[in-house]
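**Student:** Just a sequence and a predicted model for now, questions to come.
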Amino acid sequence: MLAWGQMSRADGLPLGTNEAQIFGFQASGQGILSETDADGKPIPYSWRLNGNHADVRAPVFELTSFILEVEIPGREKLEISSPFCQFDQKDRKISSASPVVLDGQGLHITGLGYDIFLQDQDVIVVFRQVVSMEFDKENISRLKESRLR
């Protein structure tokens, strides 16, 4: 989101401009989970977002054909992909009635319709309708300990 604001100023657009189209976008970032490790140290995570197209009508972003990866080093990596969603920057919520695939260590879920809530440092994924769910018992225990729910 910051890159969009900087791009608007660099292109000489008025600061009040709140609409844009972006083709072939990428964004990434890092953060710290709200939990700590066994030694009481903060747990870092990183995320990366890639997509084909974004329509920006601030504060709402409509993303087309995107993949969101969230990784906690040494613990797990989750990947969420979907052909379409709306991201409301103000409410910190991603919503869609489109198909979705979530892949993680020991976990593969496909669904239809979803909401992703970004609350503080937690990411909460809610599937409106689960089409299939596969678990690998050996690897799922690591994912269950995570704040990625």
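**Tutor:** Okay, I see it. Every value quoted in this text rests on a predicted model; they were computed, and no experiment measured them.

**Student:** What's the mean pLDDT across stretch 43-55?
**Tutor:** The average pLDDT for stretch 43-55 rounds to 89.

**Student:** Likewise for stretch 107-127?
**Tutor:** The average pLDDT within stretch 107-127 is 84.

**Student:** In that stretch, which residues are buried?
**Tutor:** Of the residues in stretch 107-127, those buried by neighbour count under the rule 16 or more other Cβ atoms under 10 Å are 107, 109-111, 113-114, 116, 123, 125, 127. Where C-beta positions appear, they are placed from N, C-alpha and C, glycine not excepted.

**Student:** Among those, which one lies nearest to Gln30?
**Tutor:** For Gln30, the nearest member of the buried residues of stretch 107-127 is Val123. The distance, counting by Cβ to Cβ, is 13.8 Å.

**Student:** Any chance you could list what contacts the helix or strand where that closest one lies?
**Tutor:** Here Val123 sits within strand 122-127, counting by DSSP states H and E. For strand 122-127, the surrounding residues in contact (Cβ atoms under 8 Å, 6 or more residues apart in numbering) are 33-34, 70, 80, 100, 102, 109, 111, 113-117, 147-149.
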